[in-house]
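Engineer: Just need the structure, nothing else, for what follows:
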Amino acid sequence: MKLHWGHYIAIFFTCFVVFMLALVYKTFDINTELVAEDYYNREIAYQGKINKQTNTLNYDANVEVVQSNDTVLFLFPVKFEDSLIKGTINIYRPSDIKKDLTIPISVKNKKQFIFKNQLSKGRYIIYVDWQADTLLFYTEKTIDIK
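Structural biologist: Prediction:
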């Protein structure tokens, strides 16, 4: 049997339909998690975050994040007493919400650490939201755990 142009058009459309159905099937496997469940409420409160970052710059109160072989160390500014420092450290994993951590701050000698075995390998964004006395501060860092 010899194929003519009508057969080629039918083959082309059949292949196109199969390709489109495969794409639709594949889209059901894509993870569509939000960054946070309360995304809109966080956006409304964004001015508070800007104020905290301004305080961090004005008071030179940036928290340093240092990695060693088995720990991630958070170094708080020496100008504040340990007993006055309160807040949370949020460790956010962009690729998997199940690997996020929230740790309350408990500083000893201006330091706090977490063990790397609590974190799997990959990129993390660390949000340190803290206060010393009545001043509010915010630091954001990105780290890669290897």
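
Engineer: What ranges does this protein have for its strands?
Structural biologist: With DSSP state E as the criterion, the chain has strands at 64-67, 71-75, 85-92, 101-104, 111-115, 122-132, 135-145.

Engineer: who wins for proximity to Thr54 among the ones you listed?
Structural biologist: strand 135-145 (9.3 Å; C-beta to C-beta). The way it works is simple: take the backbone N, C-alpha and C, and place the C-beta from them, glycine included.

Engineer: By mean pLDDT, point me to the weakest helix or strand of the protein.
Structural biologist: helix 39-44 (a mean of 80; mean pLDDT, DSSP states H and E).

Engineer: Restricting to C-alpha, output that helix in PDB.
Structural biologist: Output of helix 39-44 as PDB, limited to C-alpha atoms (Å, rounded to 0.1, in the frame of the first residue of the first chain):
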ATOM      1  CA  TYR A  39       1.600  33.200  52.200                       C
ATOM      2  CA  TYR A  40      -0.900  36.100  52.000                       C
ATOM      3  CA  ASN A  41      -0.700  37.000  55.700                       C
ATOM      4  CA  ARG A  42       3.100  37.100  55.500                       C
ATOM      5  CA  GLU A  43       2.900  39.500  52.500                       C
ATOM      6  CA  ILE A  44       0.700  41.800  54.500                       C
END
